[in-house]
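Student: mind looking at a prediction? Sequence and model below.
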Amino acid sequence: MLLGVRPLVFLARLLFFFALTFVVWEPIAPFYTKVLAALTQVAISATELVGAAPTRLATTVIGRGDAIFYVHKVFPGYQPPGIPSDWVQANIVLLVPLMLATPAPDWRTRFLRLGIALAAAMTLQVLGLVIAIKATWSNGLGPFSLTHYGTVQRKFYAFGDAFFQSFDTQLFPVAIWAGVHFRQLVAWVQGALPQPARPAGETRAEARRRMRAEK
(Lines give C-alpha, C1' and ligand atoms only; values in the text may rest on other atoms or scores of the structure.)
Protein backbone atom coordinates (compact mmCIF):
# COMPACT_ATOMS: atom_id res chain seq x y z
CA MET A 1 0.00 0.00 0.00
CA LEU A 2 1.44 3.34 -1.09
CA LEU A 3 0.87 6.05 1.47
CA GLY A 4 1.43 9.67 0.60
CA VAL A 5 4.39 11.32 2.34
CA ARG A 6 4.20 15.05 2.94
CA PRO A 7 7.76 16.19 3.64
CA LEU A 8 6.95 18.97 6.11
CA VAL A 9 4.50 16.79 8.04
CA PHE A 10 7.03 13.96 8.14
CA LEU A 11 9.74 16.35 9.40
CA ALA A 12 7.45 17.75 12.11
CA ARG A 13 6.53 14.24 13.26
CA LEU A 14 10.17 13.17 13.21
CA LEU A 15 11.27 16.10 15.38
CA PHE A 16 8.37 15.55 17.79
CA PHE A 17 9.03 11.85 18.22
CA PHE A 18 12.78 12.48 18.48
CA ALA A 19 12.27 14.88 21.39
CA LEU A 20 9.80 12.50 23.03
CA THR A 21 12.11 9.50 22.62
CA PHE A 22 15.08 11.46 23.97
CA VAL A 23 13.17 12.29 27.16
CA VAL A 24 11.50 8.90 27.65
CA TRP A 25 14.63 6.86 26.93
CA GLU A 26 16.72 8.34 29.78
CA PRO A 27 15.00 6.42 32.63
CA ILE A 28 14.78 3.26 30.48
CA ALA A 29 18.47 3.26 29.47
CA PRO A 30 19.94 1.71 32.69
CA PHE A 31 17.55 -1.25 32.51
CA TYR A 32 18.22 -1.68 28.79
CA THR A 33 21.96 -1.67 29.51
CA LYS A 34 21.53 -4.64 31.85
CA VAL A 35 19.45 -6.48 29.24
CA LEU A 36 22.13 -5.88 26.61
CA ALA A 37 24.84 -7.09 28.99
CA ALA A 38 22.90 -10.28 29.71
CA LEU A 39 22.32 -10.98 26.01
CA THR A 40 25.95 -10.20 25.23
CA GLN A 41 27.05 -12.63 27.94
CA VAL A 42 24.98 -15.37 26.31
CA ALA A 43 26.26 -14.54 22.83
CA ILE A 44 29.94 -14.33 23.71
CA SER A 45 29.74 -17.47 25.86
CA ALA A 46 28.39 -19.31 22.81
CA THR A 47 31.55 -18.29 20.91
CA GLU A 48 33.74 -19.56 23.76
CA LEU A 49 32.31 -23.07 24.07
CA VAL A 50 35.24 -24.55 22.16
CA GLY A 51 38.92 -23.72 21.90
CA ALA A 52 41.92 -23.77 24.19
CA ALA A 53 41.25 -23.89 27.92
CA PRO A 54 42.38 -20.28 28.58
CA THR A 55 39.85 -18.95 26.04
CA ARG A 56 36.95 -21.28 26.88
CA LEU A 57 34.10 -19.46 28.68
CA ALA A 58 36.62 -16.77 29.55
CA THR A 59 34.52 -13.60 29.44
CA THR A 60 32.27 -12.09 32.08
CA VAL A 61 30.09 -9.17 30.96
CA ILE A 62 28.69 -6.71 33.50
CA GLY A 63 26.13 -4.03 32.70
CA ARG A 64 25.94 -0.85 34.76
CA GLY A 65 24.03 2.35 34.29
CA ASP A 66 26.68 4.20 32.31
CA ALA A 67 28.64 1.44 30.59
CA ILE A 68 29.08 -2.24 29.84
CA PHE A 69 32.22 -3.74 31.40
CA TYR A 70 33.94 -7.06 30.74
CA VAL A 71 36.77 -9.08 32.30
CA HIS A 72 38.82 -12.09 31.23
CA LYS A 73 39.25 -15.05 33.58
CA VAL A 74 42.98 -15.29 32.85
CA PHE A 75 43.46 -11.58 33.65
CA PRO A 76 41.02 -10.88 36.50
CA GLY A 77 42.93 -7.77 37.54
CA TYR A 78 42.86 -6.24 34.07
CA GLN A 79 39.85 -3.97 33.62
CA PRO A 80 39.48 -2.62 30.07
CA PRO A 81 37.63 0.68 29.67
CA GLY A 82 33.91 0.05 29.66
CA ILE A 83 31.86 0.48 26.50
CA PRO A 84 29.66 3.57 27.08
CA SER A 85 26.01 2.59 27.10
CA ASP A 86 24.93 5.86 25.49
CA TRP A 87 27.15 5.07 22.49
CA VAL A 88 25.65 1.60 22.14
CA GLN A 89 22.06 2.85 22.47
CA ALA A 90 22.35 6.03 20.40
CA ASN A 91 20.89 4.31 17.35
CA ILE A 92 17.65 3.66 19.27
CA VAL A 93 17.08 7.40 19.78
CA LEU A 94 17.15 7.86 16.00
CA LEU A 95 15.44 4.63 14.97
CA VAL A 96 12.30 5.02 17.10
CA PRO A 97 11.40 8.49 15.71
CA LEU A 98 12.01 7.29 12.15
CA MET A 99 9.68 4.35 12.61
CA LEU A 100 6.91 6.31 14.34
CA ALA A 101 7.04 9.26 11.91
CA THR A 102 6.71 7.09 8.80
CA PRO A 103 3.11 6.77 7.54
CA ALA A 104 1.39 3.42 8.09
CA PRO A 105 -2.16 2.14 7.51
CA ASP A 106 -2.82 2.19 11.27
CA TRP A 107 -1.00 2.39 14.62
CA ARG A 108 -1.03 -1.39 15.05
CA THR A 109 1.03 -1.75 11.86
CA ARG A 110 3.28 1.09 12.94
CA PHE A 111 4.08 -0.51 16.30
CA LEU A 112 4.54 -3.93 14.69
CA ARG A 113 7.13 -2.43 12.37
CA LEU A 114 8.72 -0.67 15.33
CA GLY A 115 9.02 -3.99 17.18
CA ILE A 116 10.73 -5.60 14.18
CA ALA A 117 13.12 -2.64 13.91
CA LEU A 118 13.99 -2.74 17.62
CA ALA A 119 14.69 -6.49 17.45
CA ALA A 120 17.05 -5.89 14.52
CA ALA A 121 18.74 -3.02 16.37
CA MET A 122 19.23 -5.10 19.52
CA THR A 123 20.74 -7.92 17.46
CA LEU A 124 23.23 -5.51 15.88
CA GLN A 125 24.03 -3.98 19.27
CA VAL A 126 24.83 -7.38 20.78
CA LEU A 127 26.92 -8.29 17.74
CA GLY A 128 28.82 -5.01 18.01
CA LEU A 129 29.51 -5.58 21.70
CA VAL A 130 30.75 -9.13 21.11
CA ILE A 131 33.11 -7.94 18.38
CA ALA A 132 34.36 -5.06 20.55
CA ILE A 133 35.19 -7.47 23.37
CA LYS A 134 36.82 -9.91 20.97
CA ALA A 135 38.89 -7.06 19.53
CA THR A 136 40.24 -6.34 23.01
CA TRP A 137 41.06 -9.98 23.78
CA SER A 138 42.66 -10.60 20.37
CA ASN A 139 44.75 -7.41 20.21
CA GLY A 140 45.11 -6.00 23.72
CA LEU A 141 46.49 -8.83 25.88
CA GLY A 142 50.08 -8.92 24.62
CA PRO A 143 51.64 -12.37 24.21
CA PHE A 144 48.34 -14.01 25.21
CA SER A 145 46.63 -12.47 22.17
CA LEU A 146 49.45 -13.59 19.85
CA THR A 147 49.30 -17.12 21.25
CA HIS A 148 45.56 -17.74 21.13
CA TYR A 149 44.41 -15.59 18.20
CA GLY A 150 45.70 -15.83 14.65
CA THR A 151 46.57 -12.92 12.41
CA VAL A 152 43.32 -13.19 10.47
CA GLN A 153 41.26 -13.20 13.68
CA ARG A 154 43.05 -10.16 15.07
CA LYS A 155 42.57 -8.17 11.87
CA PHE A 156 38.94 -9.29 11.52
CA TYR A 157 37.97 -8.23 15.05
CA ALA A 158 39.87 -4.95 14.77
CA PHE A 159 38.13 -4.13 11.49
CA GLY A 160 34.74 -5.21 12.82
CA ASP A 161 35.10 -3.05 15.91
CA ALA A 162 36.05 -0.02 13.81
CA PHE A 163 33.16 -0.69 11.42
CA PHE A 164 30.55 -0.85 14.17
CA GLN A 165 31.92 2.25 15.87
CA SER A 166 31.79 4.16 12.59
CA PHE A 167 28.34 3.16 11.39
CA ASP A 168 26.32 1.97 14.38
CA THR A 169 24.81 5.31 15.35
CA GLN A 170 24.32 6.76 11.83
CA LEU A 171 24.00 4.06 9.17
CA PHE A 172 22.35 1.19 11.02
CA PRO A 173 19.16 3.05 12.11
CA VAL A 174 18.51 4.31 8.59
CA ALA A 175 19.33 0.89 7.09
CA ILE A 176 16.92 -0.86 9.47
CA TRP A 177 14.21 1.73 8.78
CA ALA A 178 14.67 1.34 5.02
CA GLY A 179 14.67 -2.45 5.29
CA VAL A 180 11.40 -2.57 7.23
CA HIS A 181 9.77 -0.12 4.78
CA PHE A 182 11.44 -1.57 1.67
CA ARG A 183 8.26 -2.34 -0.24
CA GLN A 184 6.73 1.01 0.65
CA LEU A 185 9.86 2.88 -0.47
CA VAL A 186 10.02 0.95 -3.74
CA ALA A 187 6.34 1.64 -4.38
CA TRP A 188 6.88 5.33 -3.64
CA VAL A 189 9.82 5.51 -6.07
CA GLN A 190 7.89 3.67 -8.76
CA GLY A 191 4.90 5.96 -8.24
CA ALA A 192 7.10 9.03 -8.56
CA LEU A 193 8.55 7.87 -11.89
CA PRO A 194 6.65 8.48 -15.14
CA GLN A 195 4.80 5.34 -16.13
CA PRO A 196 4.62 4.31 -19.81
CA ALA A 197 1.13 4.30 -21.25
CA ARG A 198 -0.32 0.86 -21.79
CA PRO A 199 -2.81 -0.19 -24.42
CA ALA A 200 -6.49 0.20 -23.59
CA GLY A 201 -7.89 -2.81 -21.79
CA GLU A 202 -4.47 -4.16 -20.77
CA THR A 203 -4.30 -5.27 -17.14
CA ARG A 204 -1.36 -4.54 -14.84
CA ALA A 205 -0.29 -8.20 -14.94
CA GLU A 206 -0.32 -8.15 -18.73
CA ALA A 207 1.63 -4.89 -18.71
CA ARG A 208 4.30 -6.39 -16.45
CA ARG A 209 4.62 -9.43 -18.72
CA ARG A 210 4.89 -7.17 -21.78
CA MET A 211 7.58 -5.05 -20.12
CA ARG A 212 9.59 -8.14 -19.15
CA ALA A 213 9.34 -9.39 -22.71
CA GLU A 214 10.55 -6.03 -24.06
CA LYS A 215 13.70 -6.03 -21.90
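Tutor: Yes, it's here.
Student: name the element the spatially most central residue of the chain belongs to?
Tutor: Within the chain, the residue whose C-alpha comes closest to the C-alpha centroid is Ala121; the distance, by CA atoms, centre = their mean, is 3.3 Å. Counting by DSSP states H and E, the element that carries Ala121 is helix 107-139.
Student: packing partners of the helix or strand that comes right after that helix?
Tutor: Under the assignment DSSP H and E, the closest C-terminal helix or strand after helix 107-139 is helix 143-148. Under the contact criterion of 3 or more CB pairs under 8 Å, 6 or more residues apart in numbering; DSSP states H and E, the helices and strands touching helix 143-148 comprise helix 107-139. C-beta: built from backbone N, CA, C; applies to glycine.
Student: can you point out the buried residues in the helix it packs on?
Tutor: Buried residues in helix 107-139, counted by 16 or more other CB atoms under 10 Å: 110, 113-114, 117, 120-122, 124-126, 128-139.
Student: now do the contacts for Met64.
Tutor: Slight slip there: residue 64 is Arg, not Met. With contact set as CB atoms under 8 Å, 6 or more residues apart in numbering, Arg64 has these partners: Pro30, Thr33, Gly82, Ser85.
Student: hmm, 7 Å instead?
Tutor: Applying CB atoms under 7 Å, 6 or more residues apart in numbering, we find Arg64 in contact with Thr33.
Student: how close does it sit to Leu114?
Tutor: When distances are taken as CB to CB, to the nearest Å, Arg64 and Leu114 turn out to be 27 Å apart.
Student: and if you look at Leu94?
Tutor: 13 Å.
Student: cool, and Ala135?
Tutor: For Ala135, the distance to Leu114 under the criterion CB to CB works out to 31 Å.
Student: show me where this protein has helices.
Tutor: Here the chain has its helices, by DSSP state H, at 7-47, 85-101, 107-139, 143-148, 151-167, 171-180, 182-192, 204-214.
Student: nearest to Ile68, of those?
Tutor: helix 7-47 (5.2 Å; CB to CB).
Student: average model confidence for that closest one?
Tutor: When the per-residue pLDDT values of helix 7-47 are averaged, the result is 93.
Student: what of stretch 84-94?
Tutor: Mean per-residue pLDDT for stretch 84-94: 88.
Student: ok, residues contacting that stretch?
Tutor: Counting by CB under 7 Å, 6+ apart, 21-22, 25, 29, 32-33, 36, 66-68, 121, 125, 129, 168-169, 172-173 sit against stretch 84-94.
Student: do stretch 19-26 as well
Tutor: Residues beyond stretch 19-26 that count as contacts (CB under 7 Å, 6+ apart) turn out to be Ile92, Val93, Val96, Pro97.
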